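[1] Next comes the sequence, and after it the predicted model I'd like to discuss.
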Amino acid sequence: MAEIIVDSWAWAEYLSGNHKVAQAMEGKLLKTPALAFAELYRSFKRKGLADEKIEKALQSMASKSIVLALDAKQAILAGKIAAEENMHLSDAIIYSYTTASVPVLTGDADFRGRQKVIFISG
């Protein structure tokens, strides 16, 4: 089974009913960096979503994917990527989980044109 890293952009689109994103996720082993949960919580809160709806969305994400922890080794790798690739640290954290066979699914413009990315235009 193919694996993909799902970033917060992709999850937000999936949860809002984006069929392109849902199709890209279908039949794949989904992996979500823990950071995506923080990013989405903040985004949903800023949009005024009720805590109950936020909790339901985050639980749905967790039930559909493997949550990837951020430990010291992963954080150092992300810092290295951010410095070498001139990326925002949050994007570098997400990107640090990718491999040649496990790309990140996103529509975040900061990932456009990078290797190991499945890019979906909004």
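    Ah, there it is.
[2] all helices for the protein, in order.
    8-15, 19-25, 34-46, 51-64, 72-85, 89-95 (DSSP state H).
[3] For F111, find the nearest of the ones you listed.
    helix 89-95 (6.9 Å; CB to CB). The C-beta positions use only the backbone N, C-alpha and C, and glycine is treated the same way.
[4] List the contacts of that closest one.
    Helix 89-95 is contacted by residues 5, 7-8, 33, 35-36, 39, 70, 74-75, 78-79, 81-82, 85, 87, 104, 106, 108, 110-111, 114, 116 when judged by CB atoms under 8 Å, 6 or more residues apart in numbering.
[5] Try it again at 10 Å.
    The contact list for helix 89-95 (CB atoms under 10 Å, 6 or more residues apart in numbering) reads 5-9, 32-36, 38-39, 68, 70, 74-75, 77-88, 103-104, 106, 108, 110-111, 114-117.
[6] what does stretch 114-122 give?
    Contacts of stretch 114-122 (CB under 10 Å, 6+ apart): 4-7, 9-10, 13, 18, 20-21, 23-25, 28, 85, 87, 91, 95, 97-109, 111-113.
[7] follow-up on the earlier one: just send the helices of the chain back as JSON lines, with distance to S121, mean pLDDT and mean neighbour count too.
    Listed next are the helices of the chain as JSON lines, based on distance: least, CB to CB, whole Å; pLDDT from 0 to 100; neighbours: other CB atoms under 10 Å:
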{"stretch": "helix 8-15", "distance to S121": "11", "mean pLDDT": "97", "mean neighbour count": "23"}
{"stretch": "helix 19-25", "distance to S121": "8", "mean pLDDT": "97", "mean neighbour count": "15"}
{"stretch": "helix 34-46", "distance to S121": "20", "mean pLDDT": "97", "mean neighbour count": "16"}
{"stretch": "helix 51-64", "distance to S121": "22", "mean pLDDT": "96", "mean neighbour count": "13"}
{"stretch": "helix 72-85", "distance to S121": "22", "mean pLDDT": "97", "mean neighbour count": "14"}
{"stretch": "helix 89-95", "distance to S121": "18", "mean pLDDT": "97", "mean neighbour count": "22"}
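[8] Contact partners for Y14?
    Y14 neighbours (CB under 10 Å, 6+ apart): V6, K20, V21, A22, A24, M25, L30, A57, S60, M61, K64, L105.
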